[in-house]
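S.K.: below are the sequence and a predicted model; questions follow.
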Amino acid sequence: MSHDEKDPPAYRDLRIDGRRLSRRLQELGEVGGLDGGGCARLALTEADGQGRDLVVAWMRELGMEVRIDTVGNVTATLPGREDLAPVMMGSHIDTVQTGGIFDGNLGVLAGLEVIETVRGSDHTPLRPLSVAFFSDEEGARFAPDMLGSLVYVGAMLSEEALDTVSIDGARYGDELEAIGYMGSAPCPGEVPHAYVELHIEQGPVLEGKETSIGVVTGVQGISWQQLTISGQSAHAGTTPMSMRHDPGYVAAEIAVFVRKLALRFGSPQVATVGTIDLHPNLVNVVASSAVMTVDLRNTDEEVLSKAESELEHFCHQISEQEGVSISTVSLARFEPVEFDPRVVDAVEAHAKGQGLSTCRMPSGAGHDAQMLARVTRSGMVFVPSVGGISHNVTEFTKDEDTTNGANVLLQVVLDLAEEN
Ligand code: HGY
Ligand code: MN
Ligand code: MN
């Protein structure tokens, strides 16, 4: 599509109904709603089940055929003029514990908005259009993140996913059964003709540049590790400092080390210690153990690997120095992904064609699109996050921006759906 198209297709002027999209975002945001705003729909909890029920009901109201697969991924399809591989839109509707109402939800509900807009027009795309929400994208309860889409593309077996144990000791398959989403559609799932995901940026770039649309070029690499530090519990008052083997202290040193590493490496390297659990976690007891997580990310695989090996070296050094043992488990490890240049170009061309400002950028967050990119042409559309805030109940994106993003999604997808 070029900006000065000679004879644009009739659907070029189609636009979504931003108010209808906003209403659905608010309504879904009330499921698992938190006092004071935001929502908590951790993967496969009762609230996640209720959110799924609401979105599946909307899918069925739109006359879509709904399929649920063996790890709870849901795909709904609107037939096209021919029975070809669909163009898929989607994202996730599970959230972190202190989630906003846009992360993931926007991509799924904008997909439904595209469907409703097409159904309300006199255009029937050549290819079917499908909208998916993938299970457990966040990975906050069941690691790794993007677990559902990883299984969907065949990079993890369903059986392995179903036996995954959550941070609260539950088994994935049991929880999926309990919310009624243990489906029968096989994984790997149908390979779509292409996949396009609309998502909030979740960072400060677009707002900082006063830009409407992020043309996402790819996703940075992700490394999640869980470290278990074992020392010796002791009396906080009687034990001389020289005698201590203190996992609480070592965990703190590791947290400081990874932060300094990220500052030393410079952007885009980031490092996060999001969890530290001490045992027995009492004011007057030197901890016997500490279990912590380290999240490292970089757009450059080599630099990310260097960060991992520097952390490993530091852990070895401090364990000897403090007389503790440190064991490490990898919770997630994904290399950086580049999106398909044709899809990236289409996102940029349509945004510009709609008079919107654009900037090309990698994604700092993980997304299902990085998994779909393993099997089909994939791309993403970003819209600004107010204050660059996400994974926070105050997460906010303006109606104007969600509408802009959904209109770009609409036109990118309709062009892809006319490809033979
Ligand atoms: O962790 C992430 O980047 C995503 O929110 N799962
Ligand atoms: Mn997300
Ligand atoms: Mn998220």
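M.R.: Noted; the coordinates are in hand. Ligands and ions are numbered 1, 2, ... in the order given.
S.K.: from now on I want contacts and neighbour counts done on CA atoms only, so please keep to that.
M.R.: Will do.
S.K.: just the pLDDT for the residue nearest to residue 40 when sequence neighbours are not counted.
M.R.: Excluding the flanking residues, the one nearest residue 40 by CA to CA, 6 or more residues apart in numbering is residue 97, at 4.6 Å. pLDDT, residue 97: 97.
S.K.: again, but for residue 264
M.R.: Predicted confidence (pLDDT) for residue 264: 98.
S.K.: could you tell me the per-residue confidence at the residue in the stretch 301-420 of the chain that ligand 2 sits nearest to?
M.R.: Going by CA to the ion, ligand 2 is nearest to residue 367 of the stretch 301-420 of the chain, at 5.8 Å. Note on residue 367: pLDDT of 98.
S.K.: can you check the one 10 residues further on too?
M.R.: Among the per-residue scores, residue 377 shows a pLDDT of 98.
S.K.: still on that earlier bit, helix/strand/coil for the residue nearest to residue 40?
M.R.: When classified by DSSP: H, G, I helix; E, B strand; the rest coil, residue 97 comes out as coil.
S.K.: wait, residue 166 sits on residue 141?
M.R.: Yes - using CA atoms under 8 Å, residue 166 is in contact with residue 141, at 5.3 Å.
S.K.: which one's more surrounded, those two?
M.R.: Using other CA atoms under 10 Å, the more surrounded residue of residue 166 and residue 141 is residue 141, with 23 against 16.
S.K.: any idea where the strands of the stretch 151-300 of the chain begin and end?
M.R.: For the stretch 151-300 of the chain, the strands defined by DSSP state E, counting those that start in this stretch cover 194-200, 213-219, 221-230, 234-235, 270-272, 276-279, 285-286, 289-298.
S.K.: format the ones you listed as a markdown table; extra columns: mean neighbour count, distance to ligand 1 and mean pLDDT.
M.R.: Below are those laid out as a markdown table (neighbours: other CA atoms under 10 Å; distance: least, CA to the nearest ligand atom, whole Å; pLDDT from 0 to 100):
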| stretch | mean neighbour count | distance to ligand 1 | mean pLDDT |
| --- | --- | --- | --- |
| strand 194-200 | 28 | 11 | 99 |
| strand 213-219 | 26 | 9 | 98 |
| strand 221-230 | 22 | 8 | 98 |
| strand 234-235 | 16 | 36 | 98 |
| strand 270-272 | 19 | 11 | 98 |
| strand 276-279 | 17 | 17 | 98 |
| strand 285-286 | 21 | 32 | 98 |
| strand 289-298 | 23 | 9 | 98 |
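S.K.: which intervals of the stretch 251-400 of the chain have sub-threshold pLDDT?
M.R.: Scanning the stretch 251-400 of the chain for pLDDT under 70 picks out no residues.
S.K.: show me what from it comes close to ligand 1.
M.R.: The stretch 251-400 of the chain comes close to ligand 1 at residues 365, 366, as judged by CA under 6 Å from any ligand atom.
S.K.: redo that, cut-off 8 Å
M.R.: 364, 365, 366, 367, 391 (CA under 8 Å from any ligand atom).
S.K.: could you look up the SS state of the second one?
M.R.: This means residue 365. What three-state DSSP gives for residue 365 is coil.
S.K.: contacts only, for it.
M.R.: Residues near residue 365 by CA atoms under 8 Å, 6 or more residues apart in numbering: 202, 219, 220.
S.K.: got it, and the last one?
M.R.: For residue 391, the contact set (CA under 8 Å, 6+ apart) comprises 96, 98, 99, 100, 103, 202.
S.K.: burial measure for the fourth one, as a count.
M.R.: This points to residue 100. Each residue near residue 100 was counted by other CA under 10 Å, and the total is 26.
S.K.: repeat for the fifth one
M.R.: Applying other CA under 10 Å, we find 28 residues neighbouring residue 103.
S.K.: kindly report the same for residue 321.
M.R.: 11.
S.K.: same question for the one 3 residues further on.
M.R.: Counted with other CA under 10 Å, the burial measure for residue 324 works out to 21 neighbours.
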